[in-house]
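Peer 1: no sequence for this one, just the structure:
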């Protein structure tokens, strides 16, 4: 409990000092993220583009440097097979992103971002068949979480001192071994290229 209190106190003091020196130092964003999956099998079964709500927050440590963390999620349904056998599948994607960023100025209103960090990519899939062929009446599940590096860039447009819009472009990918879960697939590429547009507020 003391460790949690000390950590919380350190965050509060850092935020107060940063705010005193640099003005509004905290920010939160709500983004509409569009993921372009790197895995070709995923795109065949599900979609080539996945919509993912993504929420992000950060703390500015200097005029240009900030730390950030964000969380995104998506649930998708798919189907694969042939005219004789059809499998229904459901997949859950989760991303926990964190790192450091640099924000520079094009002008007083327009800014650019460069970000580098880590990404915990989680993928959970359930594949189930229910039909006349009893030997296929079963379900298989994949549950994988992998760490990957994250590279991002973006643009920021200020509406006022507190409110802004942002456009982001990033890439993060990890590979998981799923040969024990599927006979005909060895590796799963989790992640890929993502773009997002969002609104933010500074405190």
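Peer 2: Noted; the coordinates are in hand. For clarity, every value in this text was computed on a predicted model and none was experimentally measured.

Peer 1: Pretty sure residue 117 sits against residue 68.
Peer 2: Yes: counting by Cβ atoms under 8 Å, residue 117 touches residue 68, with 7.3 Å between them. Where you see a C-beta, it was placed from the backbone N, CA and C, and this is true even at glycine.

Peer 1: Need the residues touching each of the two.
Peer 2: 97, 98, 99, 100 (Cβ atoms under 8 Å, 6 or more residues apart in numbering).

Peer 1: quick one: the helices in this structure?
Peer 2: With DSSP state H, the ranges of helices along the chain come out as 2-22, 40-45.

Peer 1: least reliable of those helices going by mean pLDDT?
Peer 2: Mean pLDDT is lowest for helix 2-22 out of the helices of the chain, coming in at a mean of 48.

Peer 1: residues touching residue 105, list them.
Peer 2: 111, 112.

Peer 1: Any idea what it is bridged to?
Peer 2: With DSSP bridges as the criterion, residue 105 is bridged to residue 111.

Peer 1: gap between it and residue 31?
Peer 2: 22 Å (Cβ to Cβ, to the nearest Å).

Peer 1: Pull out the buried residues from the shared contacts of residue 117 and residue 68.
Peer 2: 97, 98, 99 (16 or more other Cβ atoms under 10 Å).

Peer 1: mind checking how far the closest residue to the last one other than its chain neighbours is from residue 43?
Peer 2: Taking Cβ to Cβ, 6 or more residues apart in numbering, and ignoring the residues beside it in sequence, residue 99 has residue 117 as its nearest neighbour in space, at 1.5 Å. Distance, residue 117 to residue 43, using Cβ to Cβ: 26 Å.

Peer 1: More neighbours: the two, which one.
Peer 2: residue 117 (19 against 16; other Cβ atoms under 10 Å).
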